[in-house]
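Undergrad: 3D, please:
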Amino acid sequence: MARADFDADAIFQQVMAQPAVKAKLMQKASRIATLARKDMVRAKIDGSVTIKQRHLSTGRASLDVQCSVKPEDERRAGRIMRRAGRGGR
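TA: The predicted model follows:
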């Protein structure tokens, strides 16, 4: 019987590059960003929420949801972002 050799890293990178994987990541990041924006408006915090692509050394596809606010609102905005991240999972 012949033994088949697979390159797991190459397969992983191919899976992470598929449009379906990227679309699901964007869907999840969009849901987190929407929750964060809604909670920031409710807390009367003026700021912007953005989604940025991040490249990980492992080859895993990743997106970051970030916010920009005034320095005096950073602490509350950070809490809102963490809560949105937990709620968006």
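Undergrad: you'd agree S30 is up against I51?
TA: Yes. Counting by CB atoms under 8 Å, I51 is a contact partner of S30 at 7.0 Å. Bear in mind the C-beta positions are built from the backbone N, C-alpha and C, glycine included.
Undergrad: May I ask which helix or strand encompasses L63?
TA: Secondary structure from DSSP states H and E places L63 in strand 61-69.
Undergrad: Are there helices or strands packed against whichever helix or strand comes after that strand, and which ones?
TA: Proceeding N to C from strand 61-69, the next assigned helix or strand is helix 74-87, under DSSP H and E. Where contact means 3 or more CB pairs under 8 Å, 6 or more residues apart in numbering; DSSP states H and E, helix 74-87 is packed against helix 19-42, strand 61-69.
Undergrad: got the contact list for helix 74-87?
TA: 32-33, 35-36, 39-40, 43, 45, 47, 65-67, 69 (CB atoms under 8 Å, 6 or more residues apart in numbering).
Undergrad: average pLDDT across that helix?
TA: Helix 74-87 shows a mean pLDDT of 93.
Undergrad: ok and it relative to strand 61-69, angle-wise?
TA: 150 degrees (axes from the mean of the first three to the mean of the last three CA atoms, to 10 degrees).
Undergrad: And L56, how far from F12?
TA: Applying CB to CB, to the nearest Å, the value for L56 to F12 is 12 Å.
Undergrad: Can you pick out the residue with more neighbours from the two?
TA: Per other CB atoms under 10 Å, whichever of L56 and F12 has more neighbours is F12, with 13 against 9.
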